[in-house]
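>>> quick check, what structure comes out for this input:
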Amino acid sequence: VNAVTKSGTNSLHGDAFDFIRDHRLNATNAFAAIGPDGKHKDDGLRRDQFGGTVGGPIVANKLFYFVGYQGTLTRQTPTPGQVNVPTAAMMAGDFSAYVANRCGSLNAGVLDANNRLTLPLSPAALKISALLPKTTNPCGITNDGSKPISQNDMQVPVRVDYQLNEKQTLFARYLVSRQDKKPPFEVEPSNILNTNDFGYDDMAQNFAIGDTYVISPTLVSSTRLFVSRMGSLHAYSPNIDPAAAGLKNFYTELPGLMTFGVNGGGGGFNLGNPTNTGTTNTGYTNFGVNEDVNWVRGAHQISLGGNFFRAVLVGNNFAWSEGFFNFNGGRTGAGLVDFLTGSPISLRQANPNPNWTRQNFLGAYISDIWKVNRKLTLNLGVRWNPFLPMQFTQSDTTNFDMGRFLAGQTSTVIKNAIPGFLYPGDP
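Residues are numbered from 1 along each chain as shown. The predicted structure follows:
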């Protein structure tokens, strides 16, 4: 992607703008939840995008500046989705209303003749259910699964240009962009289902300096030095700690968080981000140099140059590391009953996913646009990009050798590893 930033001039110029969207100017969603006044709730949308630019001289004919700003503020409570949560009767083991209203079918033997559970209720499920939204619907239907949005974005470009002489110009450019979104549970902490989504605080910065030198009317050299940095912090919202729910000997890398999905016959709900792939704390840093030379000679326009940059990644991701329980009705016929009786169909859990790497990139090229005649132009060129291997700074990489596996040979570094796997330090 190529982007061009404006430069200042000998005249002072600028502009300002503001674009507003407001819920009071919009029609209410016909499917929105009904409020206490009996009317549909609006989404409370307020989106304000504003900013401006200014550019001008610092020293006439020599030094110029250009600065811009854009901010976007968004507040909204989307139309909530429908979920099914355990009712007070369900939490007491009474499914009479559930059966009478045909909320879902259950496997034979799950209920007795009085429509009460024959299976014991899970103490952990009851503790978690007590935190869920309350409903009087016999099937547990409620519309309290909204995810309020509170997000602030901003972008700032800054550029300074310097005319050193008639043949040489210099510039410095800085760009910063930030997205800051609060976790929905922080905005509306009264609803634990808002922990299904995460917040983020992402910032990208780029700084570059450049030199353009007109060596002759047919020969121009351009040099660029750059460094870029992006930080990504996606924070989760704690809902209930496994130990507080009554789970024993259950380890998690994300304290205070449980995630599971309840689905299948009779509906259900999700608690926590189901895969938690959004929880991360990652930083990317790249820096390098580019050199490009353009030379016009007769019918040839020759370009040649090279580049080098180094990429540094420090990433800590937590996909599945908190453990994800899946209740899909496979045990009793209904996900809600599987949940209340503590009968998950599966548990998926993984180690944290650190990614601390370094890698160098190198390239060179030469091309020629050759105008053979008025009707024929040839574009010729060649590029060299060697692959330089990635370095794992924490030595958290593995290799698998089928021959060693078949021979039953294990690692000398991690002695209880599966045969065939090799780790840094193994011969």
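
>>> what sits closest to Y284 if chain neighbours are left out?
Closest residue in space to Y284, ignoring its immediate chain neighbours: M230 at 4.5 Å, by C-beta to C-beta, 6 or more residues apart in numbering. For every residue, glycine as well, the C-beta is placed using N, CA and C.

>>> following the strand or helix carrying that neighbour in sequence, what is the next regular element?
Under the criterion of DSSP states H and E, M230 resides in strand 219-235. Sequence order places helix 242-245 as the next helix or strand after strand 219-235, per DSSP H and E.

>>> give me the number of residues near the residue nearest to Y284?
The local packing count at M230 equals 15, with neighbours defined by other C-beta atoms under 10 Å.

>>> separation between it and P184?
If you measure M230 against P184 using C-beta to C-beta, to the nearest Å, the figure is 24 Å.

>>> next, E291: secondary structure please.
In the three-state summary, E291 is assigned as strand, counting by DSSP: H, G, I helix; E, B strand; the rest coil.

>>> which ones are touching F361?
Residues near F361 by C-beta atoms under 8 Å, 6 or more residues apart in numbering: 288, 307-311, 385, 388.

>>> among those, name the buried ones.
Members of these that pass the buried threshold by neighbour count (16 or more other C-beta atoms under 10 Å) are listed as 288, 307, 309, 311.

>>> how is the residue most central in space within the chain assigned, secondary-structure-wise?
Closest to where the C-alpha atoms of the chain average out (C-alpha atoms, centre = their mean) is G278, at 5.4 Å. Following three-state DSSP, G278 is assigned to coil.

>>> rewinding a little: biggest separation within the buried ones among the contacts of F361, which pair?
Of all pairs drawn from the buried ones among the contacts of F361, the one with the largest separation by C-beta to C-beta is N307 and A311; the distance is 12.7 Å.

>>> on that earlier part again, buried stuff in the strand holding M230?
Under the neighbour-count criterion of 16+ other C-beta under 10 Å, strand 219-235 has 220-221, 223-224, 226, 228-229, 231-232, 234-235 buried.

>>> helices and strands around it, which ones?
With contacts defined as 3 or more C-beta pairs under 8 Å, 6 or more residues apart in numbering; DSSP states H and E, the secondary structure elements packing on strand 219-235 are strand 199-216, strand 280-297.

>>> what lines up beside the first one in the sheet?
When you say that, I think you mean strand 199-216. The strands that strand 199-216 pairs with in its sheet are strand 168-181 (antiparallel), strand 219-235 (antiparallel) (by DSSP bridges).

>>> what angle do strand 280-297 and the last one make with each other?
Orientation of strand 219-235 against strand 280-297 (axes from the mean of the first three to the mean of the last three C-alpha atoms, to 10 degrees) gives an angle of 170 degrees.

>>> could I get the CA-only coordinates of strand 219-235 as PDB?
Extracted C-alpha coordinates of strand 219-235, given in PDB (Å, rounded to 0.1, in the frame of the first residue of the first chain):
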ATOM      1  CA  LEU A 219      19.700  11.000 -12.600                       C
ATOM      2  CA  VAL A 220      17.800  11.100  -9.200                       C
ATOM      3  CA  SER A 221      18.600   9.300  -5.900                       C
ATOM      4  CA  SER A 222      16.000   8.800  -3.100                       C
ATOM      5  CA  THR A 223      17.000   7.500   0.300                       C
ATOM      6  CA  ARG A 224      14.500   6.600   3.100                       C
ATOM      7  CA  LEU A 225      15.100   5.600   6.700                       C
ATOM      8  CA  PHE A 226      12.000   4.400   8.600                       C
ATOM      9  CA  VAL A 227      10.900   2.800  11.900                       C
ATOM     10  CA  SER A 228       7.400   1.600  12.700                       C
ATOM     11  CA  ARG A 229       5.800   0.300  15.800                       C
ATOM     12  CA  MET A 230       2.400  -1.200  16.600                       C
ATOM     13  CA  GLY A 231       1.200  -2.200  20.000                       C
ATOM     14  CA  SER A 232      -2.000  -4.300  20.400                       C
ATOM     15  CA  LEU A 233      -3.500  -4.800  23.800                       C
ATOM     16  CA  HIS A 234      -6.800  -6.800  23.800                       C
ATOM     17  CA  ALA A 235      -8.000  -7.200  27.400                       C
END
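
>>> next one: that strand to chain centre, how far?
The gap between where strand 219-235 is centred and where its chain is centred comes out at 21 Å by C-alpha atoms, centre = their mean, to the nearest Å.

>>> next: the shortest one.
Its chain's average C-alpha position is 22 Å from that of strand 168-181, according to C-alpha atoms, centre = their mean.

>>> what lies in contact with whichever helix or strand comes after it?
Downstream of strand 168-181, the first helix or strand assigned by DSSP H and E is helix 184-187. Contacts to helix 184-187, defined as C-beta under 8 Å, 6+ apart, come from residues 146-150, 191-192, 194-197, 199, 237, 239.

>>> before we move on, back to that, list the contacts of the residue nearest to Y284.
Residues in contact with M230 (C-beta under 8 Å, 6+ apart) are 202-205, 283-284.

>>> mind checking how far the nearest residue to K147 once chain neighbours are set aside is from Q151?
If you skip the residues right next to it in sequence, K147 has P184 as its closest partner in space, 4.3 Å away by C-beta to C-beta, 6+ apart. According to C-beta to C-beta, P184 and Q151 sit 11 Å apart.

>>> who's more crowded, these two?
For P184 versus Q151, the count of surrounding residues by other C-beta under 10 Å is larger for P184: 24 against 16.

>>> for V312, phi and psi?
The phi and psi values for V312, taken as degrees, to the nearest 10, are phi -120, psi 120.

>>> of the strands paired with strand 199-216, which is nearest G56?
The closest approach between G56 and any of these, judged by C-beta to C-beta, belongs to strand 168-181 at 15.6 Å.

>>> touching that closest one from outside, list them.
When contacts are taken as C-beta under 8 Å, 6+ apart, the neighbours of strand 168-181 outside the stretch itself are 5, 7, 149-164, 199-214.

>>> ok, of those, which come out buried?
If we count by 16+ other C-beta under 10 Å, the contacts of strand 168-181 have these buried: 149-151, 153-161, 199-200, 202-208, 210-213.

>>> average pLDDT for stretch 47-63?
For stretch 47-63, the mean pLDDT works out to 94.
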